[in-house]
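J.: structure for this input, please:
(3 chains)
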Amino acid sequence: MLGIYLDKVRSVRPVIHSITNYVTSGDCANMLIACGASPIMADEPEEVSEITSRCSGLNINMGTLNTAKIESMVIAGKRSNELGHPVVLDPVGVGGSRLRIDTAARLLGKVRFAAIKGNISEIKCLARGEGAFRGVDADGSDLYTGAGLEAAAGLAKELSAKTGAVVIITGPVDIATGPGGTYFIYNGHPMMSSVSGTGCQLSAMTAAFIAASPNEPLNAAAAAVCAMGLAGETAHVRLTERDGNASYRNYMIDAVWNMTSDQLEKGARYEIR
Amino acid sequence: MLGIYLDKVRSVRPVIHSITNYVTSGDCANMLIACGASPIMADEPEEVSEITSRCSGLNINMGTLNTAKIESMVIAGKRSNELGHPVVLDPVGVGGSRLRIDTAARLLGKVRFAAIKGNISEIKCLARGEGAFRGVDADGSDLYTGAGLEAAAGLAKELSAKTGAVVIITGPVDIATGPGGTYFIYNGHPMMSSVSGTGCQLSAMTAAFIAASPNEPLNAAAAAVCAMGLAGETAHVRLTERDGNASYRNYMIDAVWNMTSDQLEKGARYEIR
Amino acid sequence: MLGIYLDKVRSVRPVIHSITNYVTSGDCANMLIACGASPIMADEPEEVSEITSRCSGLNINMGTLNTAKIESMVIAGKRSNELGHPVVLDPVGVGGSRLRIDTAARLLGKVRFAAIKGNISEIKCLARGEGAFRGVDADGSDLYTGAGLEAAAGLAKELSAKTGAVVIITGPVDIATGPGGTYFIYNGHPMMSSVSGTGCQLSAMTAAFIAASPNEPLNAAAAAVCAMGLAGETAHVRLTERDGNASYRNYMIDAVWNMTSDQLEKGARYEIR
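T.: Predicted coordinates:
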């Protein structure tokens, strides 16, 4: 059922405006192209309202935050809301500083998000104001398994109910929840966390998938998560013994570039509960 | 005839100062090295005059624009003009916002450019204040073929006459025009537009080629365009069925790294009219 | 003897805060992951004190400097000193502008560095206020051989005595000196200088190695230098005739990802004098 959302991206070819960190922006741009969308990165407060008006989706990523960028996020987010463009939030490292916590709170107060994607630490921080911090990765103690998975889904639902957004938690099992149900997604490979920016790439893709299917944000977001995870699997199969995380980075983008809707359809592994 | 300009870059080894976007700057740096030049990126107004004085060419790229960077572009551009260093302008996404349109106008008013490179939308915007906008890529409706090619060349000549710069329009056929004639260049591959930053890389290379052959800006610019297009062809031949746009990105830089002047000489496909 | 320091990084898994340039930050992040550390990039003055407090090492890189970043470097550097976290300085292109010279002086006056890494031009500039400038690479005239090697080691010792830091000079032979002795390191390959950011990656790795073995900064730094050089050798062997500097970039990171402590132990080539 999810293959059609990839087809949609490739037929609509949405232009996605990203206000994002400088560390992984190049990979996000190429991943957007790989899935069929078109990227534009711009973060100057003076121009973001116009830029976002000419796009059809907005991706807000809190990495390498600065005060000018925060203004831009608010301006572009509000403008996108006026225009009915979907807005995605990636609250990178939100537990790491007061500035990030305040910025996330300000954004959640002023902008209506179509989707929010984070690891369990980040989502916990947004939902409850708690959560550990380990770089921009999930804290090990936050990794959920078994009973923890239900607790994680509970957190995601809590944040979804509060914000109206589809909430995605990435981890050993990915969760995507929103009005309409909860996906538990089994795609992916542990090595994905060894590439800086796979989470950022997923947020960008999620914006593209929802922009192409704006009336089905939950299914579109789940399709993006499955596509990213499937790319992680496909890329992992391709690794030779001399390849490492740098080649893996390229192979994942390549895998999305080559992914057909049929492959996504067959390769997506999930339950809806 | 164009192979010698690549040799020139490799013997002169010009240091190119780029004031550029953060999305593709790493690839631009590596492409500059691949062709034989040496990169330095710096965009703080306080230091750009000194930095550019120690280089031999300046590359101004309007992606991820911000107000500090605009100051730096003006300062460095004027200083480069004083020193007789060639300056290249890449008006990324110029039709996308008032800020970009004003910045381009301000730069064209204060800085003398050796070359200006854009897609048809961007060049149309600079030459006539019109043009559509689709992300940072050319709008589909702007793609020229047949009679459109002559119209595009006309636009390029118009902007060249107005500015004194060599004007490059990238597209299915690339155009490079300036005092001395007009090149129609047939190198390249459609997949090049699937890699974020190939245009930025070409601008950087153009600065390097002109800095190494400052008295022949048109031929040097045409050689850079042919080299980039030939790299796109060479890299495309190398693609396996599992490769996609990420590997293609690497292969293009690799292709320039391995390109000999003899290969450029034989591989360049163009007409001068 | 140096293999254990790589093992240490992989068992401690230090989170390294980098205040760094936007050109090579993605590669630095992936290199940190490749060696076993975890990256976070953040450069907003408002948050860097908190961010660095949650990490265990700080990497300050002066590329694409700006005034806000300089404040952040001072704030984070002082905070790291208070907490006893090692701080590494990479004075990129320090001879290139008054701003960079002043920034380096300010940092050396306010922050205690565990290690300082530069090419001979940069270290000469810090030690004596002299030195040529060629982009962000060492000036050719500064390259040392034979008797020049002893002079370079003398410079490194001078700066080390002045600052208390381990001082690393990269070049045909790498030098790492500090209280405890001087390493002359023969690993590496000339092609490493054809990849933008190998120096930045080494600084980031040095911060990770010292953060994991804080009581042995000289040995840990030497291990990082050997690991980087060995990666350059391993990656070079892997190059096919169509590969160039872009593939080489990936292969070096891949090589660190796959490097075992045993390989580092056997592959490290150095003398302590």
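
J.: now the helices for the stretch 51-200 of chain A?
T.: In the stretch 51-200 of chain A, the segments counted as helices under DSSP state H, counting those that start in this stretch are A:67-83, A:98-110, A:120-128, A:147-163, A:198-212.

J.: and of those, who's closest to chain B?
T.: Comparing the helices of the stretch 51-200 of chain A against chain B with Cβ to the nearest Cβ, the closest turns out to be helix A:67-83 (6.9 Å). All C-beta atoms are positioned from the backbone trio N, CA, C, and that covers glycine.

J.: mind checking how far that closest one is from the chain centre?
T.: 18 Å (Cα atoms, centre = their mean, to the nearest Å).

J.: now do that helix and helix A:98-110, the angle between them.
T.: 20 degrees (axes from the mean of the first three to the mean of the last three Cα atoms, to 10 degrees).

J.: count of residues packed around residue A:173?
T.: Residue A:173 has 20 neighbours, counted by other Cβ atoms under 10 Å in any protein chain shown.

J.: and if you look at residue A:265?
T.: Residue A:265: 17 neighbours (other Cβ under 10 Å).

J.: just the pLDDT for it.
T.: According to the prediction, residue A:265 has pLDDT 98.

J.: and the pLDDT for the residue sitting nearest the centre point of chain A?
T.: Geometric centre of chain A, nearest residue: residue A:203, 2.0 Å, by Cα atoms, centre = their mean. Residue A:203 carries a pLDDT value of 98.

J.: surely it touches residue A:91?
T.: No. Counting by Cβ atoms under 8 Å, residue A:203 stays clear of residue A:91, with 9.7 Å between them.

J.: excluding chain neighbours, what is closest to residue A:164?
T.: Take residue A:164 and drop its neighbours on the chain: the residue closest to it by Cβ to Cβ, 6 or more residues apart in numbering or on different chains is residue A:112, 6.5 Å away.

J.: identify the residues contacting the nearest residue to residue A:90 once chain neighbours are set aside.
T.: The spatial neighbour of residue A:90 that comes closest, neighbours along the chain excluded (Cβ to Cβ, 6+ apart), is residue A:203 at 3.8 Å. The contact partners of residue A:203, by Cβ atoms under 8 Å, 6 or more residues apart in numbering or on different chains, come to A:28, A:59, A:61, A:88, A:89, A:90, A:117.

J.: skip the chain neighbours and tell me the closest residue to residue A:206.
T.: residue A:224 (4.4 Å).

J.: count of neighbours near the one you found?
T.: For residue A:224, the neighbour count with other Cβ under 10 Å is 30.

J.: can you name the residue of the stretch 151-273 of chain A nearest chain B?
T.: residue A:257 (2.8 Å).

J.: hang on, that residue packs against residue B:241?
T.: No. Counting by Cβ under 8 Å, residue A:257 stays clear of residue B:241, with 11.3 Å between them.

J.: between those two, point out the one with more neighbours.
T.: The neighbour comparison of residue A:257 against residue B:241 (other Cβ under 10 Å) goes to residue A:257, with 23 against 6.
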